[in-house]
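Q: Predicted model, plus sequence, below.
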Amino acid sequence: MKYSDGFWLNKPGYNISYATQMYEVTADERALHVYATAQWIQNRGMTLGGPVLEITFSSTMENSIKVSIVHHKGALKKSPDFELNEDQSFKPQINKLENGGYELISGITKVVIGAQGTAWDVKYYYKDRLLTKSGWRTTSLIEEEDWLTKQRMSNHEGSRFYSVGDTEDNTAIREMLGISVGEKLYGFGEKFSSFVKNGQTVEVWNNDGGTCSEQSYKSIPFYVSSNSYGVFVNSPAKVTFEVASETVSKVSFAVEGQSMEYFIFGGESIADVLKAYTDLTGKPALPPAYSFGLWLTTSFTTNYDEATVSSFIDKMAEYDIPLQVFHFDCFWMKEYRWCNFKWDNEMFPDPKAMLTRLKAKGIQICAWINPYVSQHSELFDEAAENGYFIKNKDGSVFQCDMWQPSLAIVDFTNPAASKWYGDKLRALCDMGVDCFKTDFGERIPTDVVYFDGSDPMRMHNYFTYLYNQCVFDVLKDYYGENKACLFARSATVGGQKFPVHWGGDCFSNYESMWETLRGGLSLCMSGFGFFSHDISGFEATGTPDLYKRWTAFGLLSTHSRYHGNSSYRVPWNFDEEACKVSSHFTKLKGRLMPYLFSNAVYTHETGVPMMRAMVIDFAYDKATHCVDTEYMLGDSLMVAPVFNEEGVADFYLPAGGRWTDIQTGEILEGGSWYTKKYDYFGLPLYAKPNSIIPFGNFVRNVEYDYVDGTTFRIFGLEDGKTASRCVYDKEARLVLEITARREGDKIRLNFTKAPSPFSVECEGKTVSVPTGAESAVIEL
């Protein structure tokens, strides 16, 4: 929200008090404390009245600075809070400087503040590189003038204490951090607007708004900079950011209430920043290997029964399209009864037997759910009687007619309600359901009461965390570690721990295909590791051309699903070539599983997203800073979807060597833009220089032996350089490490003892590696 009218004036109705003087500065073993006045104090008389801000700088993990800004610290403490992995025993280094100021050092990231009595001045560094800063007319308290007038009138009339209501509703804390020349900012969750967020207003407030507006299903109060730092505002309530918009040289962010807390992360790269942020908020869980295969759904409002579903699965096999997961959307339950967790017995009279038959075809099963219970559901009375729903302030059950008539919302702050909901899901797992699509969770009311007394303004965004956590924990308990998988739409901070997330309701056109990619890249700049979307679009029905182009994009995303609204998304409904294209890219992804799953493990361990914007890996090349039509899939593959009917792709290959098209073998020099035309079986898909990409012995199921029969292809290995690759099995156990070093016309290979035979290929020459071997040489 903008509070300023240009630079010199405030918007009518607001009074802004800026931190002006570091009136008092103290240090202890763990923190710096600043008592910042809103004016220059020239005599004792000026110390009467306020406001004054108490600002604390500390660190609870390496290479992060924690900043706390407080006006009235006696304000009511409200819940919930994000679950953070802070180390309260962590002790930063604190030094007093020659000028009387201080520095607090965390790893090699530090904050430097001025001396007592000087102007408000704060700078953040990584090593000696300035990250960002705040100073004159930045850190501030914002108060509504009508409320201030009431305060003054109350005081004038002789009242000793102000009693004009809750000040939380009338005040906000705002911080403003500097943006340097040429700096680009990214993230804030799944944002479908321009990928570079400079010039935008961002509201962190979840909405069910589709993919074509500024609204988001997954809003995250975290951004990263092309200058390799990140800022996380620790509040589940609404946070508003003005990104080079209110003041074009700054990012401002505001939180209603009497306090604000935020973290600054420094790093050598954006990847380092994301590692630190996910150290704090949680690493992405590792999805099961099967989830990387092709998903097909019933679509939403279509008609279907077991015969329909079986025909789809069988016909995919006939067209040689390996299918891994089949998803039943909403109408597996009878209309008006969502959720009652009971199969519609008219369409599915024996669901357990049906699922057994489907799984015998080698298919995993996913079922749709949401956190709402319709009044027409058999479960409504039970849940209402036991207090399992969110309530109105008068104690009645909150209900509305948006989405399902007379729906109520499960109150996941109530442990009994969470267990009750989870027990319904366990019964479905007993039937054979392997995973759940956790839809909705964004339209959460704020004028309500929760079981545990949580503040409804903070719960609006946080609700989705409890919802998805409940479902994920059921699957984790039932199927085991690294075997739980959601297909979630809504999220907040920490939601990355419950993958996978998909991009919501997109339209069937190229513009929406692009906005879907932008949303995914922004989400994966915000701590999330995996991303999917509805191939060919959700709303309406696209052309065969769009279907085929989106198929390539979808099957070169971390997770791949055909899904639509009112029509089936099976390829034969588009044309025969669509079936061949689907078969081609499904098999290509299947062959890449040794590469993809090793990258998934890396994402799980580090928090670096598997599907990521070019700037994460190539920030040294400024041409990548604004690229939002291509991405890296893992550490070594660049993917550039085709976004037009002409089949033309414009793409950029970062500087630093020669890139190789893994399908055609074409080699292009990095550091240039290219324009090329592709048929439906092609797109820019380039291996980066000095990389090894394994191509597995895939047949139909993506859970196979990722070493036996695999060909490790070496791309662009330069003389004197080394490339490496780790391979994990489907249980995420490290089974092979391979390194290749070029010495003139020889490639020297070393690996951990080969668990099974494989081959290594470079520049058309191949060497076979038998079981037990530990080295080999390729003569070029």
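A: Yes, it's here. Numbers count the residues shown, from 1 in each chain.

Q: Mind telling me which residue is nearest the centre of the chain?
A: Central residue of the chain (Cα atoms, centre = their mean): residue 528, 3.0 Å from the mean position.

Q: ok, and the closest non-adjacent residue to that one?
A: Leaving aside its sequence neighbours, residue 528 sits nearest to residue 496 (Cβ to Cβ, 6 or more residues apart in numbering; 4.5 Å). To be clear about C-beta, it is placed using only N, CA and C from the backbone, and glycine gets the same treatment.

Q: That neighbour falls within a strand, correct?
A: No - Residue 496: not assigned to a strand; according to DSSP: H, G, I helix; E, B strand; the rest coil it is helix.

Q: That one - how many residues pack around it?
A: When counting by other Cβ atoms under 10 Å, one arrives at 28 neighbours for residue 496.

Q: Can you give the contact residues for the strand or helix carrying residue 739?
A: Element membership for residue 739, per DSSP states H and E: strand 734-743. Residues outside strand 734-743 that contact it (Cβ atoms under 8 Å, 6 or more residues apart in numbering): 692, 706-707, 712, 714, 717-729, 747-752, 754-755, 758, 760, 762.

Q: Tell me the helix or strand right after that strand.
A: Counting by DSSP H and E, the element after strand 734-743 in chain order, helix or strand, is strand 746-751.

Q: Now the strand holding residue 739 - C-alpha only, CSV.
A: Coordinates of each C-alpha in strand 734-743 appear next as CSV, following Å, rounded to 0.1, in the frame of the first residue of the first chain:
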residue,chain,number,x,y,z
LEU,A,734,23.1,-42.8,-3.6
VAL,A,735,24.1,-45.7,-6.0
LEU,A,736,26.7,-44.2,-8.3
GLU,A,737,29.0,-41.2,-8.6
ILE,A,738,30.7,-40.5,-11.9
THR,A,739,33.3,-37.9,-12.8
ALA,A,740,34.8,-37.2,-16.2
ARG,A,741,38.0,-35.2,-16.8
ARG,A,742,39.2,-34.1,-20.3
GLU,A,743,42.9,-34.3,-21.0
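
Q: And the average pLDDT for it is what?
A: Mean per-residue pLDDT for strand 734-743: 98.

Q: Now do it: distance to the chain's middle.
A: The chain centre lies 31 Å from the centre of strand 734-743; the measure is Cα atoms, centre = their mean, to the nearest Å.

Q: Walk me through which strands it pairs with, and which way each runs.
A: Strand 734-743 has these partner strands in its sheet, going by DSSP bridges: strand 722-728 (antiparallel), strand 746-751 (antiparallel).

Q: Now render those as CSV, adding mean pLDDT, mean neighbour count and distance to residue 467.
A: Output for these, formatted as CSV (pLDDT from 0 to 100; neighbours: other Cβ atoms under 10 Å; distance: least, Cβ to Cβ, whole Å):
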stretch, mean pLDDT, mean neighbour count, distance to residue 467
strand 722-728, 98, 19, 30
strand 746-751, 97, 18, 44
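
Q: could I get those as TSV with distance to residue 259?
A: Formatted as TSV, these follow (distance: least, Cβ to Cβ, whole Å):
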stretch	distance to residue 259
strand 722-728	44
strand 746-751	54
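
Q: surely residue 595 meets residue 693?
A: Yes - the criterion here is Cβ atoms under 8 Å, and residue 595 meets it with residue 693 at 5.2 Å.

Q: When those two are compared, which one has more neighbours?
A: Remark: of residue 595 and residue 693, residue 595 carries more neighbours, 27 against 23, as counted by other Cβ under 10 Å.

Q: and whatever helix or strand the more buried one lives in, what does it pack onto?
A: If you go by DSSP H and E, residue 595 is part of helix 593-606. Under the contact definition 3 or more Cβ pairs under 8 Å, 6 or more residues apart in numbering; DSSP states H and E, helix 593-606 sits against helix 270-281, strand 691-695, strand 722-728.

Q: Given the helix or strand just after the shortest one, what are its sheet partners and their directions?
A: In other words, strand 691-695. Once strand 691-695 ends, the next helix or strand along the chain (criterion: DSSP H and E) is strand 711-715. Taking DSSP bridges as the criterion, strand 711-715 forms sheet pairs with strand 691-695 (antiparallel), strand 758-762 (parallel).

Q: how many neighbours does the closest residue to residue 370 other than its chain neighbours have?
A: Ranked by Cβ to Cβ, 6+ apart and with sequence neighbours excluded, the top spatial neighbour of residue 370 is residue 440, at 4.3 Å. Neighbour count of residue 440, defined by other Cβ under 10 Å: 21.

Q: shouldn't residue 440 be in contact with residue 402?
A: No - counting by Cβ under 8 Å, residue 440 stays clear of residue 402, with 10.2 Å between them.

Q: Can you verify residue 422 is assigned to a helix?
A: Yes - remark: residue 422 belongs to a helix, assigned using three-state DSSP.

Q: which residues of the stretch 1-150 of the chain score low on pLDDT?
A: Applying pLDDT under 70 to the stretch 1-150 of the chain flags residues 147-150.

Q: hey, where'd the strands end up in it?
A: 4-5, 9-10, 14-18, 21-27, 31-37, 52-58, 64-70, 93-96, 102-106, 109-113, 122-126, 129-134, 140-144 (DSSP state E, counting those that start in this stretch).

Q: low-confidence ranges in the stretch 651-780 of the chain?
A: Along the stretch 651-780 of the chain, no part satisfies pLDDT under 70.

Q: Need the single longest helix in this protein, by residues.
A: In the chain, with assignment by DSSP state H, the single longest helix is helix 456-479.

Q: which other helices and strands contact the next helix or strand after that one?
A: The helix or strand immediately downstream of helix 456-479 is helix 510-523, counting by DSSP H and E. Contacts defined by 3+ Cβ pairs under 8 Å, 6+ apart place helix 510-523 against strand 185-189, helix 544-555, strand 611-612, strand 631-633.

Q: Now do helix 510-523: distance to the chain's middle.
A: Taking Cα atoms, centre = their mean, the mean C-alpha location of helix 510-523 is offset from the chain mean by 13 Å.

Q: returning to what we had before: redo the helices and strands packed on helix 593-606 as a markdown table? Include distance to residue 774.
A: Below are these laid out as a markdown table (distance: least, Cβ to Cβ, whole Å):
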| stretch | distance to residue 774 |
| --- | --- |
| helix 270-281 | 31 |
| strand 691-695 | 17 |
| strand 722-728 | 15 |
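
Q: Let me know which of those is the nearest to residue 200.
A: helix 270-281 (18.9 Å; Cβ to Cβ).

Q: Bridged to the residue nearest to residue 53 when sequence neighbours are not counted, which residues?
A: Spatial nearest neighbour of residue 53, excluding adjacent residues (Cβ to Cβ, 6+ apart): residue 36 at 4.7 Å. In this entry, residue 36 is beta-bridged to residue 22, residue 53, by DSSP bridges.

Q: I am finished for the moment; much appreciated.
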